[in-house]
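# Provided below are the primary sequence and the corresponding predicted coordinates.
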Amino acid sequence: MNCKLTTFKGNKKAFYGFVRSKQKVRQRITQLKTRQYTVTDTDEEAAGEISDFFSFVFVREGSGPVPEMEVSNDTIKEPDTKLTDITVDQEMVRK
């Protein structure tokens, strides 16, 4: 690596070209297994499977109003409360 660094001294274009060549991902996704346990044959099928997967995993939120949060005396803390002071337990999450 040291010998390469000396060749880049004063030659920014060569240096940045070398860095770009190391950042490129050269592997392609050639086949994906579908939910029906078949394998995709084309890029279009693979793209469709990836699209279906993300549509299935990520849920769209409604465009309606955001629900109001109930505030009780237990949840009100001093104004200097920091995020690190918040405690969440399983019972709070289940509500």
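Received, thanks.
# Counting neighbours, what do you get for residue 31?
12 (other Cβ atoms under 10 Å). Placement of C-beta: from N, CA and C, glycine included.
# Now do the contacts for the nearest residue in space to it that is not next to it in sequence.
Spatially, and ignoring its direct neighbours in sequence, residue 31 is nearest to residue 39 (4.8 Å; Cβ to Cβ, 6 or more residues apart in numbering). Counting by Cβ atoms under 8 Å, 6 or more residues apart in numbering, residue 39 makes contact with 31-33.
# Over to residue 39: give its phi and psi.
phi -110, psi 140 (degrees, to the nearest 10).
# In the chain, what helix or strand scores lowest on average pLDDT?
For the chain, the helix or strand with the lowest mean confidence is helix 2-8, at a mean of 65 (criterion: mean pLDDT, DSSP states H and E).
# For the next helix or strand after that helix, name the packing helices and strands.
As assigned by DSSP states H and E, the chain's next helix or strand after helix 2-8 is helix 12-23. If you count contacts as 3 or more Cβ pairs under 8 Å, 6 or more residues apart in numbering; DSSP states H and E, helix 12-23 packs onto helix 2-8.
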